[in-house]
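Peer 1: with the sequence up front, the predicted model follows.
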Amino acid sequence: MSLKNKINSAKLPKHIAIIMDGNGRWAKQKGAERIYGHENGVKAVRDTVEAAAEIGIEYLTLYAFSTENWNRPKDEVVALMQLLVHTIHAETPTLNKNNIRLQAIGDLKSLPGNCYDELMEAMEATKNNTRTTLVLALSYSSRWEIIEAVKNIALKVEQKTILSSDISEDLFTSHLCTANMPEPELMIRTSGEHRISNFLLWQLAYAELYFTDKFWPDFTKDDFYEAIIDYQNRERRFGKTSEQLIS
Ligand code: IPE
Ligand code: IPE
Ligand code: MG
């Protein structure tokens with residue numbers, strides 16, 4: 001039986017988040033420049049998005065560029081932004097063909113103009129698609145997002161649109177970039193690193209974490225299915241006891 005057929009379609013996570021890591025090391029292993037790794041990571045993105053749509057994952061969030069990644073050497077940042085513009089442009093027809101909606105989270109205004117425009121265009125062109133939502137985290141960091149939410153809430157209190165006593169988990173969640181999205185039930189990180197790197201800190205509070213040693217360019221549809229099967233074999237207790245879940 002193929003891995004895909006082992007997935008229980010009644011227990012699918014609604015939202016999967018992925019830290020696509022290891023492009024640089026993948027390239028280094030091959031004696032190539034880091035950007036060669038990023039270029040080869042695009043195929044893994046394509047395959048993963050396709051796999052998610054095929055099995056019916058509603059939301060797939062990919063961490064593509066963090067706030068901290070701006071501190072990388074300038075030539076790598078420039079090359080990554082070019083790759084992003086090119087990929088978004090080239091992939092939009094496929095997203096439409098596969099009924100996939102593109103969204104983005106992060107400090108999008110900090111992206112280079114052409115990158116921002118390309119992204120907005122692709123989001124507009126795919127906005128009515130309903131099969132799967134692909135969310136790119138771009139110039140994203142969770143602490144940035146949380147501070148933005150706090151500022152917006154503080155402003156509303158100042159303007160007396162809300163009372164400080166109105167502040168709740170739901171209200172806070174609705175001020176994050178991910179408002180209206182379900183929380184990720186599963187977070188995958190490639191490349192053998194076991195950390196969150198400022199990704200969805202609030203939203204991952206109860207996510208199942210899955211780590212694989214594979215570098216991102218080597219990540220396949222089967223690796224994605226394997227992570228989902230692993231997730232489906234876990235017991236999510238949310239603070240309760242195992243016995244409580246059975247009864
Ligand atoms: C992930 O791969 C892609 C981005 C962060 C843009 P890395 O570029 O972090 O690759 P490693 O971790 O250095 O191998
Ligand atoms: C996290 O990867 C960000 C992305 C995958 C876009 P990094 O490679 O930047 O993370 P650290 O610096 O190793 O934690
Ligand atoms: Mg890395």
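Peer 2: Great, that's in hand. All values reported here derive from a predicted model rather than from experimental measurement. Ligands and ions are numbered 1, 2, ... in the order given.

Peer 1: isn't Thr220 up against Asp47?
Peer 2: Yes - shown here, Thr220 and Asp47 form a contact pair, counting by CB atoms under 8 Å, at 6.2 Å. In this view, the C-beta of every residue, glycine as well, is placed from N, C-alpha and C.

Peer 1: in three-state terms, label Asn198 for me.
Peer 2: coil (DSSP: H, G, I helix; E, B strand; the rest coil).

Peer 1: what's the helix or strand for Leu102?
Peer 2: Using DSSP states H and E, Leu102 maps to strand 100-105.

Peer 1: does that strand reach ligand 2?
Peer 2: No - using CB under 6 Å from any ligand atom, strand 100-105 stays clear of ligand 2, with a minimum separation of 12.3 Å.

Peer 1: show me what secondary structure element comes after that strand.
Peer 2: Once the chain leaves strand 100-105, the following helix or strand, as judged by DSSP H and E, is helix 113-126.

Peer 1: alpha carbons only: can I get that following helix in PDB?
Peer 2: Written as PDB, here are the backbone C-alpha positions of helix 113-126 (Å, rounded to 0.1, in the frame of the first residue of the first chain):
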ATOM      1  CA  GLY A 113       8.500  46.700  -4.800                       C
ATOM      2  CA  ASN A 114       8.500  44.200  -7.700                       C
ATOM      3  CA  CYS A 115       8.200  41.300  -5.300                       C
ATOM      4  CA  TYR A 116       5.300  42.900  -3.400                       C
ATOM      5  CA  ASP A 117       3.500  43.700  -6.700                       C
ATOM      6  CA  GLU A 118       4.000  40.200  -8.100                       C
ATOM      7  CA  LEU A 119       2.600  38.700  -4.800                       C
ATOM      8  CA  MET A 120      -0.400  41.000  -4.800                       C
ATOM      9  CA  GLU A 121      -1.200  40.100  -8.400                       C
ATOM     10  CA  ALA A 122      -0.900  36.400  -7.700                       C
ATOM     11  CA  MET A 123      -3.100  36.700  -4.600                       C
ATOM     12  CA  GLU A 124      -5.700  38.600  -6.600                       C
ATOM     13  CA  ALA A 125      -5.600  36.200  -9.500                       C
ATOM     14  CA  THR A 126      -6.100  33.200  -7.200                       C
END
